[in-house]
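S.K.: Give me a 3D structure for the following:
(one chain, ligands or ions: 3)
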Amino acid sequence: MSAVLAEQREPRNGAGSVTGIEVTATFPGQEPLLTPVALDFLAGLHRRFETSRKARLAARRERQAFFDAGGLPDFRADTAALRAGDWRVAPIPAALQGRRVEITGPVDPKMVINALNSGANCYMADFEDSTAPTWANLVAGQQALRQAVAGTLEYTAPAVAGTPGKHYALKPFEQQAVLLVRPRGWHLDEKHVRIDGAPMSGSLFDLGLFAFHNARALAAKDRGPYFYLPKLQSMEEAVLWNDVLDHVERALGLPAGQLKVTVLIETLPAVFEMDEILHALRGRIVGLNCGRWDYVFSYIKTFRRHRDKVLPERGQVTMTQPFLRAYSELLIQTCHKRGAHAMGGMAAQIPISGDADANAAALAKVRADKLREVTAGHDGTWVAHPALIPLAREVFDERMPTPHQQHVKREEVVVTRDDLIKPSLGTITRRGFENNVEVCVRYLAAWLDGNGCVPIHWLMEDAATAEIARTQLWQWLHSDGLHLDDGSEVDFALLERALINLPAKLTDRLQMPGGSRVAEAIGLLDRLTHADTLEDFLTLPAYKRLS
Ligand SMILES: CC(=O)SCCNC(=O)CCNC(=O)[C@H](O)C(C)(C)COP(=O)(O)OP(=O)(O)OC[C@H]1O[C@@H](n2cnc3c(N)ncnc32)[C@H](O)[C@@H]1OP(=O)(O)O
Ligand SMILES: O=CC(=O)O
Ligand SMILES: [Mg+2]
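M.R.: Numbers count the residues shown, from 1 in each chain. Ligands and ions are numbered 1, 2, ... in the order given. Reported below is the predicted structural model:
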């Protein structure tokens, strides 16, 4: 029975007790979200797609074993005809034609209102890199988005010292940013929803629940729903997503192709399959996005055992490095050939209060990054903070008078396999090493405390940026013969010293999110960096500790 029809049915056993489905956590007001019919819908997704999800995750492990044995990623031979073929993706809907500035951010009610009201063209509501997936965050996020779609979302900040808290309300719909939702990646489970005794996929929970409650309302306004899909590694993963979205459309009684997606190209294997990913989703895909932070993380992870591809410290791995430039230019060329938007990514700098010079320097970096993107041919970009919207808009308005620049074909771009895997030149400084340790610990502490995005030294840090720091530490410590630029050996003593010195430094000097979880974060980082094998995602072991 389709959910359209099923919704008319009487609930059977009450929320949380549908046959085979167990919801093991509670959050105030969750019942209207997790109705028996909604849970049935989620169970349907799980039962239909869990085997395929597991197969895709196994395929990732198999491919990594090939890389670990010295293999290198490359364009696929079996899809050469598809790459050479002349085809385009389906037309892009009007609401997604102009995407020059997109703001992204976590899904708490205040952020959702601020982002929708921000003046950006689009808002990516993020259940992924910037959200720690506590049950409370996920349910509150789904509640906030459902109310936002209904136009009823309001929020009042807590009163401080007798002064009433600020009240937040949505602008009229026509003045709001267009909403896109990013569910978690395929690797993450949602442990609080168990179906037939097993946890369901976090991706299917986030996307499924949002679609179930909002798809028809959004479709009625000609607004999708629209999604950003993260961390894909192959064409087969795109096929899986397409099957899921086909199923959701059928179950909710929506026309085929109503659900639109933008796919983040943020893994090294995926850059070799961009045509294939566009093709697999061609009835619904509207763009690819350069998710640069996860991409760098994926480069490190893919080449974890390749001593000749060790990257320099995080701060030196910028988008002007040849392998990253090649990635963004190939993405633009591929998208524009196929009629899709080529979205840029996120500069990590955020506004710095109380220091005008430092603020000007940070904004200059963001400006340079946006200028590089628009000049290269990107159709839009991301900002992490509302104060950066005017800057990004100004740069794109000046260089891109049209809603997008799909006419910029970049046919002269020639990118080879070797361009995409070329190692970066640079160094590892003591400061860079210690900064990686500090970022990992502070980010992990915040994440364990339920906060998935924090400013650290005036840079936006989220799961993707922290993963670069974490995997670099592991790779540096497990590669033979690496030295800091001052000549000292990179060894575990360096890590121990950095970790031992950290708590005093942090608790004495900083009021930081997740301060109470620092010891736990240190323990986890210590264990992960000492382990013989690199953990695929920091969030996998950390999720076991999350409520
Ligand atoms: C690698 C990737 O995946 S990138 C995508 C994922 N990352 C993100 O989305 C980053 C989102 N950004 C953020 O979470 C925040 O901007 C941070 C954590 C970096 C900085 O946050 P803060 O230190 O709280 O910023 P700050 O205090 O300057 O905020 C000022 C105001 O802007 C709001 N604001 C800040 N960032 C955002 C945002 N991204 N969306 C909406 N509103 C925002 C704050 O809520 C605050 O509102 P208020 O004045 O009504 O209280
Ligand atoms: O999701 C974006 C990224 O840079 O990672
Ligand atoms: Mg990412």
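S.K.: what does the stretch 151-300 of the chain have sitting close to ligand 2?
M.R.: Counting by C-beta under 6 Å from any ligand atom, the stretch 151-300 of the chain comes close to ligand 2 at 264, 266, 291, 292, 293, 294. Glycine gets a C-beta too; all of them are placed from N, C-alpha and C.
S.K.: list the contacts for residue 202?
M.R.: Listed by C-beta atoms under 8 Å, 6 or more residues apart in numbering, the contact partners of residue 202 are 127, 133, 183, 184, 185, 188, 189, 190.
S.K.: which residue packs closest to the first one, ignoring adjacent ones?
M.R.: Spelled out, that is residue 127. Distances taken as C-beta to C-beta, 6 or more residues apart in numbering place residue 206 nearest to residue 127, at 4.4 Å, with adjacent residues excluded.
S.K.: How many neighbouring residues does that neighbour have?
M.R.: 27 (other C-beta atoms under 10 Å).
S.K.: mind checking how far it is from residue 78?
M.R.: Distance, residue 206 to residue 78, using C-beta to C-beta, to the nearest Å: 32 Å.
S.K.: Filter the contacts of residue 202 down to the ones in strands?
M.R.: 189, 190 (DSSP state E).
S.K.: Same list (the contacts of residue 202) but as CSV, adding neighbour count and pLDDT.
M.R.: CSV is the format used below for the contacts of residue 202 (neighbours: other C-beta atoms under 10 Å; pLDDT from 0 to 100):
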residue, neighbour count, pLDDT
127, 29, 98
133, 27, 98
183, 25, 99
184, 26, 98
185, 24, 98
188, 22, 98
189, 19, 98
190, 25, 98
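S.K.: and which of the contacts of residue 202 is nearest ligand 3?
M.R.: Of all the contacts of residue 202, residue 185 has the smallest distance to ligand 3: 8.4 Å, by C-beta to the ion.
S.K.: Grab the nearest non-local neighbour of that closest one.
M.R.: Take residue 185 and drop its neighbours on the chain: the residue closest to it by C-beta to C-beta, 6+ apart is residue 231, 3.7 Å away.
S.K.: For the closest residue to residue 100 other than its chain neighbours, give me phi and psi.
M.R.: Once flanking residues are discounted, residue 100 sits nearest to residue 396: 4.2 Å by C-beta to C-beta, 6+ apart. Per-residue torsions, residue 396: phi -70, psi -40 (degrees, to the nearest 10).
S.K.: gap between residue 396 and residue 371?
M.R.: Distance from residue 396 to residue 371, counting by C-beta to C-beta: 9 Å.
S.K.: Give me the more crowded residue out of those two.
M.R.: residue 396 (26 against 14).
S.K.: who in the stretch 101-250 of the chain is up against ligand 1?
M.R.: So the stretch 101-250 of the chain meets ligand 1 at 103, 104, 105, 106, 110, 111, 114, 115, 118, 126, 129, 130 (C-beta under 6 Å from any ligand atom).
S.K.: Pull stretch 99-110 out as CSV, backbone CA atoms only.
M.R.: Listed next in CSV are the C-alpha coordinates belonging to stretch 99-110 (Å, rounded to 0.1, in the frame of the first residue of the first chain):
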residue,chain,number,x,y,z
ARG,A,99,22.1,29.4,-7.0
ARG,A,100,24.9,31.9,-6.8
VAL,A,101,25.0,32.0,-3.0
GLU,A,102,24.0,29.0,-0.8
ILE,A,103,24.2,29.1,3.0
THR,A,104,24.6,25.8,4.8
GLY,A,105,24.2,25.0,8.5
PRO,A,106,22.8,22.7,11.2
VAL,A,107,19.1,22.3,11.7
ASP,A,108,18.3,23.8,15.1
PRO,A,109,15.3,26.1,14.9
LYS,A,110,17.2,29.4,15.2
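S.K.: By proximity to ligand 3, which residue of the protein wins?
M.R.: In the chain, no residue comes nearer to ligand 3 than residue 294, which is 3.5 Å away by C-beta to the ion.
S.K.: so what's that residue up against?
M.R.: Counted by C-beta under 8 Å, 6+ apart, residue 294 has contacts 129, 230, 231, 264, 266, 267, 464, 467.
S.K.: Just the ones in helices from these, please.
M.R.: Here DSSP state H is the test, and these give 464, 467 as lying in helices.
S.K.: Could you dump the contacts of residue 294 into a markdown table with pLDDT added?
M.R.: Formatted as a markdown table, the contacts of residue 294 follow (pLDDT from 0 to 100):
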| residue | pLDDT |
| --- | --- |
| 129 | 98 |
| 230 | 98 |
| 231 | 98 |
| 264 | 99 |
| 266 | 98 |
| 267 | 98 |
| 464 | 98 |
| 467 | 98 |
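S.K.: Make a PyMOL selection of the buried ones in the residues of the stretch 101-250 of the chain next to ligand 1.
M.R.: Of these, the buried ones go into a single PyMOL selection, burial set by 16 or more other C-beta atoms under 10 Å:
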select buried, resi 103+104+105+106+110+111+114+115+118+126+129+130
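S.K.: ok so, going back, test for you: state the pLDDT assigned to the residue of the chain closest to ligand 3.
M.R.: pLDDT recorded at residue 294 is 98.
S.K.: pretty sure residue 181 is in a strand, no?
M.R.: Yes. Assigned with DSSP: H, G, I helix; E, B strand; the rest coil, residue 181 falls within a strand.
S.K.: Which positions in the chain make contact with ligand 3?
M.R.: 129, 266, 291, 294, 464 (C-beta under 5 Å from the ion).
S.K.: pretty sure the fourth one belongs to a strand, no?
M.R.: No. Counting by three-state DSSP, residue 294 is not part of a strand but helix.
S.K.: And it, how far from residue 147?
M.R.: Distance, residue 294 to residue 147, by C-beta to C-beta: 30 Å.
S.K.: for residue 410, same thing?
M.R.: To residue 147, residue 410 is 42 Å away according to C-beta to C-beta.
S.K.: tell me the domain ranges of this protein?
M.R.: Per automatic domain parsing, the domain ranges recorded for the chain read 38-348+356-419, 427-543.
S.K.: Among those domains, which comes closest to residue 21?
M.R.: domain 38-348+356-419 (4.8 Å; C-beta to C-beta).
S.K.: circling back to that earlier point, check the contacts of residue 202 against ligand 2 and report the nearest one.
M.R.: residue 185 (9.9 Å; C-beta to the nearest ligand atom).
S.K.: and that closest one, what does it touch?
M.R.: 128, 202, 203, 230, 231.
S.K.: Run a quick neighbour tally on the last one.
M.R.: This means residue 231. 26.
S.K.: Could you point out the helix or strand that follows the single longest helix found in the chain?
M.R.: Determined from DSSP H, the single longest helix within the chain is helix 36-68. Where DSSP states H and E defines the elements, the next helix or strand beyond helix 36-68 is helix 80-84.
S.K.: hmm, who's touching that next one?
M.R.: The contact list for helix 80-84 (C-beta under 8 Å, 6+ apart) reads 75, 275, 276, 279.
S.K.: buried ones in that helix?
M.R.: Using 16+ other C-beta under 10 Å as the test for burial, helix 80-84 gives residue 82.
S.K.: just checking, next helix/strand downstream of that helix?
M.R.: Following helix 80-84 toward the C-terminus (DSSP H and E): strand 101-105.
S.K.: Okay, now the sheet partners of that next one, with direction.
M.R.: Here strand 101-105 has these sheet partners by DSSP bridges: strand 122-126 (parallel), strand 380-383 (parallel).
S.K.: Okay, now the unreliable bits of the chain?
M.R.: Scanning the chain for pLDDT under 70 picks out 1-17, 507-510.
S.K.: Look up phi and psi at the residue sitting furthest away from the middle of it.
M.R.: Distance from the C-alpha centroid of the chain, by C-alpha atoms, centre = their mean, peaks at residue 162 (38.5 Å). With angles defined as degrees, to the nearest 10, residue 162 sits at phi 80, psi -10.
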